[in-house]
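Colleague: got a predicted structure here, sequence first:
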Amino acid sequence: MGKYFGTDGFRGEANQNLTFEHAIQIGRYLGWYYGARLNRKAKVVIGKDTRRSSYMFEYALCTGLMASGADAYIMHVTTTPSVAYIARVDDFDCGIMISASHNPYYDNGIKVLNGNGEKMEEEVLLKIEDYIDGKCDVPMAQRDKIGKTVDYVAGRNRYIGYLISLSKYSFKGIKVGLDVANGASWQIAKAVFDALGAKTYVMNAEPDGFNINTDCGSTHIEHLQKFVEGNQLNVGFAFDGDADRCLCVDEKGNAITGDHILYIYGLYMKERGKLLNNKVVTTVMSNFGLYKALDKVGIEYEKTKVGDKYVYENMVQTGNRIGGEQSGHIIFSKYETTGDGIVTALKMMEVMLAKEKPMSELAAPVVFYPQVLKNVRVKSKPEARNDPDVQAAVDQVAAELGDEGRILVRESGTEPVIRVMVEAGSNEVCEKYVDRVIDVIRSKGHIA
């Protein structure tokens, strides 16, 4: 990760550590970079979520792009995966999404995608950072070389058409709840489900610039659980602010996580001979119960570091077809280059209709193990993590758990803490083993 760009873009509180000047600079560099590299006027597509500050960053990015000679195509309020899709299919040089995903309204982010709709290559992001830090300069466009903005709401409409085309079934007669988190999917999700014939019940679809993710969406799925159960709906889907993730609610009001989704669709693919390599890609934070369920149906799995970036990298390198995170970032490589909450919802509908089973029955084989996770603030993450006595304690816990649980000790990517997590048959066992490892970290003087 660089100085400004992390695994999911340049994030920060609007006009604190992410300012409109930063947005202008990002636009300036990208407009010049692609214009010089391709020896023509660059074309960049931009989308945004519903945060108040997203409008400010949109105009700032457009200003920077035009000043460097690029044309900016504006999709307005739309989802992250829609920008990735349009960047790829409409031959844009790159795409930019303005969003801080599931963060509160006062945060924002600038995510840069390449022309394939994938997260921008690290080398380009580092060049942008050098420009922000004044280590290089780029020329201003002059006269007829100055760029323009283009209203590109047609791109959003094309994306909606693409989503509708993915469904193999009519949703007629099915009652579906949608929690759109007052975010980027607030118009798109309903349009898709309505077009497919569902009886659609929508909540949190009144964005005002400040209520995105506020006590709603995939980070507060308890409200959709009550909504689905109270209205006797067949299923519910909750998205986050930029709609790249989706969690589900079954007809009984139970939450269905990304781990459940990986199992349900992975098995569906295997049964149809579509699961290439017979593997599902997970992160190290997937629940032990998912692995036990996959073992029972003969599906193999790979584990990556936390982050959909690493899941996608694995899928590109190995040819694996489905992967994701417990949080609901699910990637179907046949259809997309990034997580797409609405695609995930459509695929869950497909399995329900194809198997003629309710969501609760499809998810039942995944029984979550109790989990205890504790964060330990340390003086040095590498020293604490690599201490021989700490490693010995972790190995001993793993040996005692055997195939009835697991332990994971990892460094936080954003804080000076070590995360110690144990999954086992009971909370008491989890607590015992987590505390044992933390006691060793403390006894060796690593606690800050």
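Modeller: Ah, there it is.

Colleague: L30 and A87, how far apart?
Modeller: Here the distance between L30 and A87 works out to 12 Å (CB to CB, to the nearest Å). Using the backbone N, CA and C atoms, a C-beta is placed for each residue, glycine as well.

Colleague: overlap in contacts of the two?
Modeller: C94 (CB atoms under 8 Å, 6 or more residues apart in numbering).

Colleague: what sits against A255?
Modeller: Here A255 is in contact with 221-222, 225, 247-249 (CB under 8 Å, 6+ apart).

Colleague: and those residues, which two are the farthest apart?
Modeller: The span of those, defined through CB to CB, is set by E222 and C248 at 13.6 Å.

Colleague: who's more crowded, the two?
Modeller: C248 (30 against 12; other CB atoms under 10 Å).

Colleague: straight-line length of stretch 233-252, end to end?
Modeller: Stretch 233-252 has its terminal residues 9 Å apart, counting by CA to CA, to the nearest Å.

Colleague: starting at the chain centroid, how far to that stretch?
Modeller: When C-alpha coordinates are averaged (CA atoms, centre = their mean, to the nearest Å), stretch 233-252 and its chain have centres 14 Å apart.

Colleague: so which bits of that stretch are buried?
Modeller: 233-251 (16 or more other CB atoms under 10 Å).

Colleague: residues of stretch 24-36 that come out buried?
Modeller: Those would be 24-35, for stretch 24-36 by 16+ other CB under 10 Å.

Colleague: dump the residues you listed to CSV, plus secondary structure and distance to I46.
Modeller: Formatted as CSV, the buried residues of stretch 24-36 follow (DSSP: H, G, I helix; E, B strand; the rest coil; distance: CB to CB, whole Å):
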residue, secondary structure, distance to I46
I24, helix, 13
Q25, helix, 15
I26, helix, 11
G27, helix, 9
R28, helix, 14
Y29, helix, 15
L30, helix, 11
G31, helix, 12
W32, helix, 17
Y33, helix, 16
Y34, helix, 14
G35, helix, 16
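
Colleague: what stretches of this protein score poorly on pLDDT?
Modeller: 1, 413-414 (pLDDT under 70).

Colleague: okay, the residue of it most remote from its centre and L38: tell me how far apart.
Modeller: Each residue of the chain has a distance to the centre, and by CA atoms, centre = their mean the biggest one is for R143: 40.8 Å. Applying CB to CB, the value for R143 to L38 is 20 Å.

Colleague: looks to me like Y105 is in a helix.
Modeller: No. Y105: not assigned to a helix; according to DSSP: H, G, I helix; E, B strand; the rest coil it is coil.

Colleague: pretty sure D151 sits against I74.
Modeller: Yes. Judged on CB atoms under 8 Å, D151 makes contact with I74 at a distance of 6.0 Å.

Colleague: quick one, which of the two is more surrounded?
Modeller: For D151 versus I74, neighbours defined as other CB under 10 Å are more numerous around I74 (20 against 10).

Colleague: which residue is nearest the centroid of the protein?
Modeller: Note: the chain centre (CA atoms, centre = their mean) maps to H329, 4.3 Å.

Colleague: ok, it touching R245?
Modeller: Yes. Assessed by CB under 8 Å, H329 is found in contact with R245 at 4.8 Å.

Colleague: which neighbours do these two share?
Modeller: With CB under 8 Å, 6+ apart as the test, H329 and R245 both reach 258, 339.

Colleague: contacting residues around F5?
Modeller: With CB under 8 Å, 6+ apart, F5 has these contacts: 112, 125, 128-129.

Colleague: next one: A384
Modeller: Contacts for A384 (CB under 8 Å, 6+ apart) come out as 376, 378, 390, 418, 441, 444, 446.

Colleague: grab the nearest non-local neighbour of R158.
Modeller: Leaving aside its chain neighbours, R158 sits nearest to I86 (6.9 Å; criterion: CB to CB, 6 or more residues apart in numbering).

Colleague: can you check D90 too?
Modeller: Using CB to CB, 6+ apart and skipping residues adjacent in sequence, the residue nearest D90 is G155, 6.4 Å away.

Colleague: hey, C-alpha coordinates of stretch 84-103 in PDB?
Modeller: The C-alpha coordinates for stretch 84-103 follow below in PDB (Å, rounded to 0.1, in the frame of the first residue of the first chain):
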ATOM      1  CA  ALA A  84     -16.100  -1.100 -13.400                       C
ATOM      2  CA  TYR A  85     -18.500  -2.600 -16.000                       C
ATOM      3  CA  ILE A  86     -18.800   0.500 -18.100                       C
ATOM      4  CA  ALA A  87     -15.100   1.300 -18.000                       C
ATOM      5  CA  ARG A  88     -14.600  -2.200 -19.500                       C
ATOM      6  CA  VAL A  89     -17.300  -2.500 -22.100                       C
ATOM      7  CA  ASP A  90     -17.300   1.100 -23.300                       C
ATOM      8  CA  ASP A  91     -13.600   1.200 -23.900                       C
ATOM      9  CA  PHE A  92     -12.700   3.900 -21.300                       C
ATOM     10  CA  ASP A  93      -9.100   4.400 -20.400                       C
ATOM     11  CA  CYS A  94      -9.900   4.300 -16.700                       C
ATOM     12  CA  GLY A  95     -12.800   4.700 -14.300                       C
ATOM     13  CA  ILE A  96     -13.100   6.600 -11.000                       C
ATOM     14  CA  MET A  97     -15.600   5.900  -8.300                       C
ATOM     15  CA  ILE A  98     -16.200   8.400  -5.500                       C
ATOM     16  CA  SER A  99     -17.300   6.500  -2.400                       C
ATOM     17  CA  ALA A 100     -16.200   5.400   1.100                       C
ATOM     18  CA  SER A 101     -18.300   2.200   0.800                       C
ATOM     19  CA  HIS A 102     -19.800   1.400   4.200                       C
ATOM     20  CA  ASN A 103     -18.200   4.300   6.100                       C
END
